[in-house]
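Trainee: any chance you can model this:
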Amino acid sequence: MKFSVSLAFVFIAMYCHSQSLHEPLNTIALQTGKYSNNQSNSFYFSGNPAILGFGTHRGAGVYHERRFLLSELSSFLATAVFSINGAGFGVIMNRYGSVLHNQTMVALAYGRRLTDRIAIGAQLNYITGKSQGFSPATTATATIGAVFRLSNNLSTGVAAKHIGTLKKDLNNKVAANYSVGFCYDVSSAVSLNMDIIIAVGQSLSATAGIIYRVIKNVELTAGITTGTSVPFVKCGFIWKQLRLDVMVGYHMQLGITPGIAIQFGRER
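Mentor: Numbers count the residues shown, from 1 in each chain. Alright, predicted model coming up:
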(Lines give C-alpha, C1' and ligand atoms only; values in the text may rest on other atoms or scores of the structure.)
Protein backbone atom coordinates (compact mmCIF):
# COMPACT_ATOMS: atom_id res chain seq x y z
CA MET A 1 0.00 0.00 0.00
CA LYS A 2 2.81 2.44 0.88
CA PHE A 3 4.51 1.58 -2.40
CA SER A 4 1.32 2.32 -4.33
CA VAL A 5 0.89 5.69 -2.63
CA SER A 6 4.52 6.59 -3.30
CA LEU A 7 4.27 5.55 -6.94
CA ALA A 8 1.10 7.58 -7.36
CA PHE A 9 2.70 10.70 -5.97
CA VAL A 10 5.72 10.23 -8.24
CA PHE A 11 3.40 9.98 -11.24
CA ILE A 12 1.46 13.08 -10.24
CA ALA A 13 4.66 15.04 -9.68
CA MET A 14 5.79 14.12 -13.19
CA TYR A 15 2.42 14.84 -14.74
CA CYS A 16 1.93 18.13 -12.89
CA HIS A 17 5.46 19.45 -13.46
CA SER A 18 5.35 23.27 -13.43
CA GLN A 19 1.70 23.34 -12.36
CA SER A 20 -0.02 23.19 -8.99
CA LEU A 21 -3.64 22.71 -9.99
CA HIS A 22 -5.02 19.19 -9.64
CA GLU A 23 -8.13 18.40 -11.66
CA PRO A 24 -10.03 15.11 -11.56
CA LEU A 25 -8.31 12.52 -13.76
CA ASN A 26 -11.62 11.70 -15.44
CA THR A 27 -12.40 15.34 -16.22
CA ILE A 28 -11.94 14.63 -19.91
CA ALA A 29 -14.67 11.98 -19.74
CA LEU A 30 -17.05 14.52 -18.20
CA GLN A 31 -16.20 17.08 -20.90
CA THR A 32 -16.25 14.83 -23.97
CA GLY A 33 -18.98 16.25 -26.18
CA LYS A 34 -18.79 19.79 -24.81
CA TYR A 35 -18.77 21.33 -28.29
CA SER A 36 -21.62 19.19 -29.60
CA ASN A 37 -24.69 20.93 -30.99
CA ASN A 38 -26.85 18.10 -29.62
CA GLN A 39 -25.41 17.72 -26.11
CA SER A 40 -25.67 19.79 -22.93
CA ASN A 41 -24.96 19.19 -19.25
CA SER A 42 -23.79 20.90 -16.08
CA PHE A 43 -20.07 20.04 -16.49
CA TYR A 44 -19.29 21.07 -20.06
CA PHE A 45 -18.58 24.75 -19.36
CA SER A 46 -15.72 23.82 -16.99
CA GLY A 47 -13.72 23.05 -20.14
CA ASN A 48 -14.58 26.33 -21.87
CA PRO A 49 -16.75 29.10 -20.36
CA ALA A 50 -17.88 30.22 -23.83
CA ILE A 51 -20.12 27.13 -23.94
CA LEU A 52 -22.45 29.03 -21.60
CA GLY A 53 -23.24 31.40 -24.47
CA PHE A 54 -24.99 28.62 -26.39
CA GLY A 55 -26.44 27.03 -23.28
CA THR A 56 -30.08 26.17 -22.83
CA HIS A 57 -29.39 24.15 -19.69
CA ARG A 58 -30.23 25.00 -16.10
CA GLY A 59 -29.06 22.61 -13.45
CA ALA A 60 -26.34 21.35 -11.13
CA GLY A 61 -24.01 18.39 -10.91
CA VAL A 62 -21.65 16.70 -8.47
CA TYR A 63 -18.79 14.35 -9.26
CA HIS A 64 -16.50 12.23 -7.10
CA GLU A 65 -13.51 10.09 -8.01
CA ARG A 66 -10.85 8.13 -6.16
CA ARG A 67 -7.69 8.37 -8.22
CA PHE A 68 -6.00 4.98 -8.49
CA LEU A 69 -8.32 3.82 -5.68
CA LEU A 70 -6.39 5.93 -3.14
CA SER A 71 -8.42 8.03 -0.70
CA GLU A 72 -5.50 10.48 -0.39
CA LEU A 73 -5.97 11.36 -4.06
CA SER A 74 -9.73 11.81 -4.06
CA SER A 75 -11.43 14.62 -5.97
CA PHE A 76 -14.82 16.26 -5.56
CA LEU A 77 -16.32 18.53 -8.21
CA ALA A 78 -19.58 20.50 -8.04
CA THR A 79 -21.02 22.78 -10.71
CA ALA A 80 -24.15 24.83 -11.29
CA VAL A 81 -25.43 26.42 -14.50
CA PHE A 82 -28.05 29.07 -15.15
CA SER A 83 -28.84 30.01 -18.75
CA ILE A 84 -30.78 33.02 -19.97
CA ASN A 85 -31.38 34.34 -23.48
CA GLY A 86 -28.04 34.39 -25.28
CA ALA A 87 -25.96 34.09 -22.11
CA GLY A 88 -25.26 31.93 -19.10
CA PHE A 89 -23.59 31.85 -15.69
CA GLY A 90 -21.72 28.97 -14.12
CA VAL A 91 -20.15 28.19 -10.74
CA ILE A 92 -17.45 25.57 -10.06
CA MET A 93 -16.10 24.14 -6.81
CA ASN A 94 -13.30 21.59 -7.07
CA ARG A 95 -11.50 19.97 -4.12
CA TYR A 96 -8.58 17.55 -4.35
CA GLY A 97 -6.53 15.72 -1.73
CA SER A 98 -6.81 14.71 1.90
CA VAL A 99 -6.65 16.26 5.36
CA LEU A 100 -2.83 16.37 5.19
CA HIS A 101 -2.68 18.12 1.82
CA ASN A 102 -5.50 19.48 -0.28
CA GLN A 103 -6.31 22.04 -2.89
CA THR A 104 -9.57 23.87 -3.54
CA MET A 105 -10.69 25.93 -6.51
CA VAL A 106 -13.78 28.13 -6.65
CA ALA A 107 -14.65 29.71 -10.00
CA LEU A 108 -17.31 31.96 -11.50
CA ALA A 109 -17.90 31.78 -15.27
CA TYR A 110 -19.89 33.80 -17.79
CA GLY A 111 -20.57 33.13 -21.47
CA ARG A 112 -22.25 35.28 -24.09
CA ARG A 113 -23.51 34.47 -27.58
CA LEU A 114 -22.41 37.13 -30.08
CA THR A 115 -24.10 35.64 -33.16
CA ASP A 116 -25.90 32.43 -34.02
CA ARG A 117 -22.46 30.93 -34.73
CA ILE A 118 -20.08 32.54 -32.21
CA ALA A 119 -19.92 32.71 -28.41
CA ILE A 120 -17.26 33.97 -26.01
CA GLY A 121 -16.72 33.46 -22.30
CA ALA A 122 -14.54 34.27 -19.31
CA GLN A 123 -13.95 32.71 -15.90
CA LEU A 124 -12.26 33.83 -12.68
CA ASN A 125 -10.56 31.14 -10.57
CA TYR A 126 -9.56 31.37 -6.91
CA ILE A 127 -7.27 28.56 -5.78
CA THR A 128 -6.22 27.65 -2.24
CA GLY A 129 -3.60 25.08 -1.27
CA LYS A 130 -3.32 23.73 2.28
CA SER A 131 -0.75 21.46 3.91
CA GLN A 132 -0.94 20.38 7.54
CA GLY A 133 1.33 22.55 9.66
CA PHE A 134 1.63 25.34 7.10
CA SER A 135 -0.35 28.47 6.34
CA PRO A 136 -2.72 28.29 3.34
CA ALA A 137 -1.37 29.56 0.02
CA THR A 138 -3.66 31.20 -2.52
CA THR A 139 -3.64 32.35 -6.12
CA ALA A 140 -6.13 33.76 -8.61
CA THR A 141 -6.19 33.15 -12.36
CA ALA A 142 -8.40 33.79 -15.38
CA THR A 143 -9.77 31.59 -18.16
CA ILE A 144 -11.11 32.78 -21.51
CA GLY A 145 -12.60 30.93 -24.46
CA ALA A 146 -14.59 31.04 -27.67
CA VAL A 147 -16.86 28.59 -29.48
CA PHE A 148 -17.61 28.57 -33.21
CA ARG A 149 -20.48 26.61 -34.73
CA LEU A 150 -19.21 26.12 -38.26
CA SER A 151 -22.30 24.20 -39.38
CA ASN A 152 -25.23 22.31 -37.91
CA ASN A 153 -22.94 19.30 -37.43
CA LEU A 154 -19.46 20.73 -36.88
CA SER A 155 -18.27 22.93 -34.00
CA THR A 156 -14.91 24.02 -32.68
CA GLY A 157 -13.68 25.87 -29.62
CA VAL A 158 -10.52 27.42 -28.20
CA ALA A 159 -9.68 28.09 -24.56
CA ALA A 160 -6.82 29.55 -22.53
CA LYS A 161 -6.95 28.43 -18.90
CA HIS A 162 -5.16 29.93 -15.87
CA ILE A 163 -3.70 32.90 -17.68
CA GLY A 164 -3.04 36.30 -16.12
CA THR A 165 -2.21 35.07 -12.63
CA LEU A 166 -3.35 37.78 -10.21
CA LYS A 167 -1.80 36.37 -7.00
CA LYS A 168 1.21 34.08 -6.78
CA ASP A 169 1.32 32.91 -3.19
CA LEU A 170 1.47 29.24 -4.19
CA ASN A 171 5.03 27.92 -4.29
CA ASN A 172 4.52 26.64 -7.83
CA LYS A 173 2.72 29.00 -10.16
CA VAL A 174 -0.37 27.48 -11.77
CA ALA A 175 0.69 26.77 -15.33
CA ALA A 176 -1.42 28.12 -18.17
CA ASN A 177 -2.74 25.69 -20.76
CA TYR A 178 -4.21 26.25 -24.18
CA SER A 179 -6.61 24.00 -26.04
CA VAL A 180 -8.49 23.67 -29.30
CA GLY A 181 -11.33 21.19 -29.67
CA PHE A 182 -13.61 19.85 -32.36
CA CYS A 183 -16.91 18.00 -32.41
CA TYR A 184 -18.67 16.42 -35.36
CA ASP A 185 -22.25 15.29 -34.78
CA VAL A 186 -22.63 12.31 -37.09
CA SER A 187 -26.27 12.05 -36.08
CA SER A 188 -28.48 12.83 -33.09
CA ALA A 189 -27.13 9.63 -31.49
CA VAL A 190 -23.41 9.76 -32.37
CA SER A 191 -20.74 12.44 -31.99
CA LEU A 192 -16.97 12.37 -32.60
CA ASN A 193 -14.78 14.58 -30.42
CA MET A 194 -11.14 15.65 -30.27
CA ASP A 195 -9.16 18.06 -28.09
CA ILE A 196 -5.54 19.18 -28.43
CA ILE A 197 -3.99 20.65 -25.28
CA ILE A 198 -0.70 22.43 -24.73
CA ALA A 199 0.26 23.12 -21.11
CA VAL A 200 3.22 25.34 -20.27
CA GLY A 201 6.20 23.15 -19.41
CA GLN A 202 4.61 19.98 -20.76
CA SER A 203 4.42 18.23 -24.09
CA LEU A 204 1.38 18.42 -26.34
CA SER A 205 -1.43 15.98 -25.58
CA ALA A 206 -4.53 14.98 -27.50
CA THR A 207 -7.83 13.41 -26.50
CA ALA A 208 -10.26 11.59 -28.75
CA GLY A 209 -13.68 10.33 -27.74
CA ILE A 210 -16.95 9.06 -29.15
CA ILE A 211 -20.44 9.36 -27.68
CA TYR A 212 -23.17 6.93 -28.65
CA ARG A 213 -26.77 7.20 -27.48
CA VAL A 214 -27.76 3.52 -27.37
CA ILE A 215 -31.38 4.21 -26.52
CA LYS A 216 -33.19 7.30 -25.27
CA ASN A 217 -32.14 6.75 -21.65
CA VAL A 218 -28.67 5.18 -22.05
CA GLU A 219 -25.51 6.80 -23.39
CA LEU A 220 -22.01 5.36 -23.81
CA THR A 221 -18.76 7.33 -24.06
CA ALA A 222 -15.27 5.98 -24.76
CA GLY A 223 -11.95 7.63 -25.49
CA ILE A 224 -8.27 8.05 -24.69
CA THR A 225 -5.94 10.86 -23.75
CA THR A 226 -2.32 10.68 -24.91
CA GLY A 227 -0.91 12.97 -22.20
CA THR A 228 -1.30 10.34 -19.49
CA SER A 229 -2.03 7.35 -21.78
CA VAL A 230 -5.32 6.83 -19.95
CA PRO A 231 -8.24 5.28 -21.82
CA PHE A 232 -11.67 5.88 -20.30
CA VAL A 233 -15.23 4.65 -20.61
CA LYS A 234 -18.41 6.23 -19.28
CA CYS A 235 -21.99 5.03 -19.12
CA GLY A 236 -24.81 7.51 -18.59
CA PHE A 237 -28.35 6.79 -17.48
CA ILE A 238 -30.98 9.49 -18.03
CA TRP A 239 -34.38 9.58 -16.37
CA LYS A 240 -36.47 12.73 -16.78
CA GLN A 241 -34.43 15.54 -15.17
CA LEU A 242 -31.91 13.23 -13.50
CA ARG A 243 -28.72 11.83 -14.97
CA LEU A 244 -26.27 9.31 -13.48
CA ASP A 245 -22.82 8.74 -15.02
CA VAL A 246 -20.46 5.96 -14.00
CA MET A 247 -16.96 6.06 -15.45
CA VAL A 248 -13.51 4.59 -15.11
CA GLY A 249 -10.06 5.56 -16.36
CA TYR A 250 -7.17 3.08 -16.54
CA HIS A 251 -3.43 3.69 -16.17
CA MET A 252 -1.18 0.73 -16.99
CA GLN A 253 1.14 1.21 -14.00
CA LEU A 254 -1.16 2.73 -11.40
CA GLY A 255 -4.48 1.04 -12.08
CA ILE A 256 -8.03 2.31 -12.30
CA THR A 257 -9.71 5.55 -11.31
CA PRO A 258 -13.46 5.10 -10.78
CA GLY A 259 -15.82 8.05 -10.74
CA ILE A 260 -19.51 8.78 -10.40
CA ALA A 261 -21.49 11.88 -11.36
CA ILE A 262 -25.07 12.90 -10.63
CA GLN A 263 -26.83 15.76 -12.41
CA PHE A 264 -30.18 17.42 -12.07
CA GLY A 265 -31.37 19.90 -14.65
CA ARG A 266 -33.69 20.85 -17.44
CA GLU A 267 -33.58 22.71 -20.74
CA ARG A 268 -34.71 26.31 -20.70
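Trainee: and Tyr35, helix, strand or coil?
Mentor: coil (DSSP: H, G, I helix; E, B strand; the rest coil).
Trainee: for it, give its distance to Ala119.
Mentor: 11 Å (CB to CB, to the nearest Å). Any C-beta I mention is one placed from the backbone N, CA and C, and that applies to glycine too.
Trainee: now do the shared contacts for these two.
Mentor: 51, 147 (CB atoms under 8 Å, 6 or more residues apart in numbering).
Trainee: so which bits of stretch 71-80 are buried?
Mentor: 72-75, 77-80 (16 or more other CB atoms under 10 Å).
Trainee: so, low pLDDT: which residues of the stretch 151-268 of the chain?
Mentor: Residues of the stretch 151-268 of the chain meeting the criterion pLDDT under 70: 166-173, 268.
Trainee: can you give me the strands for it?
Mentor: 154-168, 177-185, 190-199, 205-215, 218-225, 230-239, 242-251, 255-267 (DSSP state E, counting those that start in this stretch).
Trainee: so what does the third one touch, helix or strand wise?
Mentor: On a contact count with 3 or more CB pairs under 8 Å, 6 or more residues apart in numbering; DSSP states H and E, strand 190-199 meets strand 177-185, strand 205-215.
Trainee: check the shortest one too.
Mentor: Contact here means 3+ CB pairs under 8 Å, 6+ apart; on that basis strand 218-225 packs against helix 27-31, strand 205-215, strand 230-239.
Trainee: strand partners of the helix or strand following the shortest one, parallel vs antiparallel please.
Mentor: In other words, helix 27-31. Using DSSP states H and E, the next helix or strand after helix 27-31 towards the C-terminus is strand 57-66. Within its sheet, strand 57-66 is paired with strand 74-84 (antiparallel), strand 255-267 (antiparallel), according to DSSP bridges.
Trainee: near Ala146, how many other residues are there?
Mentor: 19 (other CB atoms under 10 Å).
Trainee: quick one: residues contacting Thr79.
Mentor: Contacts for Thr79 (CB under 8 Å, 6+ apart) come out as 42-43, 45-46, 60-61, 90-93.
Trainee: what's the angle between whatever helix or strand Phe89 lives in and strand 74-84?
Mentor: Using DSSP H and E, Phe89 maps to strand 87-97. Counting by axes from the mean of the first three to the mean of the last three CA atoms, to 10 degrees, strand 87-97 lies at 170 degrees to strand 74-84.
Trainee: returning to that earlier point: which one of the strands of the stretch 151-268 of the chain lies nearest to Arg67?
Mentor: Arg67 sits nearest to strand 255-267 of all the strands of the stretch 151-268 of the chain, at 4.9 Å, using CB to CB.
Trainee: buried residues in that closest one?
Mentor: Quick answer for strand 255-267 (16+ other CB under 10 Å): 257, 259, 261, 263, 265.
Trainee: so how far is Gly249 from the last one?
Mentor: So the one you mean is Gly265. On the measure of CB to CB, Gly265 and Gly249 end up 25 Å apart.
Trainee: please apply the same query to the fourth one.
Mentor: Computed with CB to CB, the distance linking Gln263 and Gly249 is 19 Å.
Trainee: now Ser229
Mentor: For Ser229 relative to Gly249 (CB to CB), the value is 10 Å.
Trainee: for Phe45, same thing?
Mentor: With CB to CB as the criterion, Phe45 and Gly249 are 21 Å apart.
Trainee: repeat for Ser42
Mentor: 20 Å.
Trainee: how about Trp239?
Mentor: 25 Å.
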